[in-house]
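# sequence plus the predicted model coming up.
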Amino acid sequence: MEKEQLEFYEKVRSFTEETTQLRTDYWYDYSNLSTWQFWVILLFMFIVPLVVLYFFIDRKKIFLIGFYGFNIHVWFGYIDSWGNNKGLWGYPYELIPLIPGSLSLDAALIPILFMLVYQWTHHHRKNYYLYSIGLSLILSFVLKPILVMHNLFVLHKWVHYYHFFIAYCLVFLFSKLITNIFITMQKKGAN
């Protein structure tokens, strides 16, 4: 690396380190285990969804449903990190200070809800797209406003709930497409 690039890189790294320390200090002061918000996030948005998934996932199709859910998790994690980093939204209360965004929403609640819809529509031969749109509406226009009302989620700048609806729809469509591509590749590989 050239000297100018190295200096600029070091500046970015230093700011990132300072920001991480600020997030950690904020968490210890305002978002720690002594707050009711922490326990709501831990129990109802992280642990309860995982327990529900444990008991209700179809074990015969666990890898298919898990793969689909992992897709949902990854794409929402990217979108959440992007929005958080751009200052479009934020989480005043977080489960873990070292992971920006909402680990409980991105890794548990939202992927698990979509996994259960995927599994249910698959088993009952229902329209996956219709039910996923319904779930996206509920998440965007019911869950997000409730989180905002209780200061668990904050919107900034120009962001509105319909942006989340569009994001949810794009993610479930893209996750279904990727899952279908892998199913097709698996079937062709088995022949």
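Happy to help now that I have it. Residues are numbered from 1 along each chain as shown.

# going forward, measure contacts between C-alpha atoms and count neighbours the same way
OK.

# contacting residues around the residue nearest the centre of the chain?
Nearest to the mean C-alpha position of the chain, by C-alpha atoms, centre = their mean, lies residue 106 at 1.9 Å. Residues in contact with residue 106 (C-alpha atoms under 8 Å, 6 or more residues apart in numbering) are 73-74, 76-77, 80.

# quick one: residue 172 and residue 130 touch, right?
No. Under the criterion of C-alpha atoms under 8 Å, residue 172 makes no contact with residue 130, lying 11.3 Å away.

# of those two, which one has the most company?
residue 172 (26 against 11; other C-alpha atoms under 10 Å).

# for that one, which non-adjacent residue is closest in space?
residue 72 (6.6 Å; C-alpha to C-alpha, 6 or more residues apart in numbering).

# tell me who's in contact with that neighbour.
Applying C-alpha under 8 Å, 6+ apart, the residues near residue 72 are 110-111, 114, 171-172, 175.

# quick one: the closest residue to residue 128 other than its chain neighbours from residue 19, how far?
Leaving aside its sequence neighbours, residue 128 sits nearest to residue 121 (C-alpha to C-alpha, 6+ apart; 5.4 Å). From residue 121 over to residue 19 the distance is 43 Å, taken as C-alpha to C-alpha, to the nearest Å.

# ok, these two, which is more surrounded?
Between residue 121 and residue 19, counted using other C-alpha under 10 Å, residue 121 has the larger neighbour count: 17 against 12.

# helix or strand for the more buried one, which one?
Residue 121 is part of helix 110-123, with elements assigned from DSSP states H and E.

# and the gap between the residue nearest to residue 128 and residue 60?
Remark: distance between residue 121 and residue 60 (C-alpha to C-alpha) = 15 Å.

# likewise residue 184?
18 Å.

# do residue 157 as well
With distances taken as C-alpha to C-alpha, residue 157 is found 45 Å from residue 60.

# pLDDT score assigned to residue 59?
We note a pLDDT of 95 for residue 59 in this prediction.

# what does residue 95 give?
At residue 95, the model reports a pLDDT of 89.

# I'd guessed it sits against residue 107; true?
No. Counting by C-alpha under 8 Å, residue 95 sits too far from residue 107 to count as a contact (11.4 Å).

# can you name every helix or strand that the stretch of helix or strand residue 52 belongs to contacts?
Using DSSP H and E, residue 52 sits in helix 48-56. Where contact means 3 or more C-alpha pairs under 8 Å, 6 or more residues apart in numbering; DSSP states H and E, helix 48-56 is packed against helix 110-123.

# buried ones in the following helix or strand past the helix it packs on?
Next in sequence after helix 110-123, counting helices and strands by DSSP H and E, comes helix 128-138. Neighbour counts over helix 128-138 (16 or more other C-alpha atoms under 10 Å) mark 128-129, 131-133, 135-137 as buried.

# so which residues of the protein form strands?
89-90, 154-155 (DSSP state E).

# any chance of those in JSON lines, plus mean neighbour count and mean pLDDT?
Formatted as JSON lines, those follow (neighbours: other C-alpha atoms under 10 Å; pLDDT from 0 to 100):
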{"stretch": "strand 89-90", "mean neighbour count": "22", "mean pLDDT": "93"}
{"stretch": "strand 154-155", "mean neighbour count": "18", "mean pLDDT": "95"}
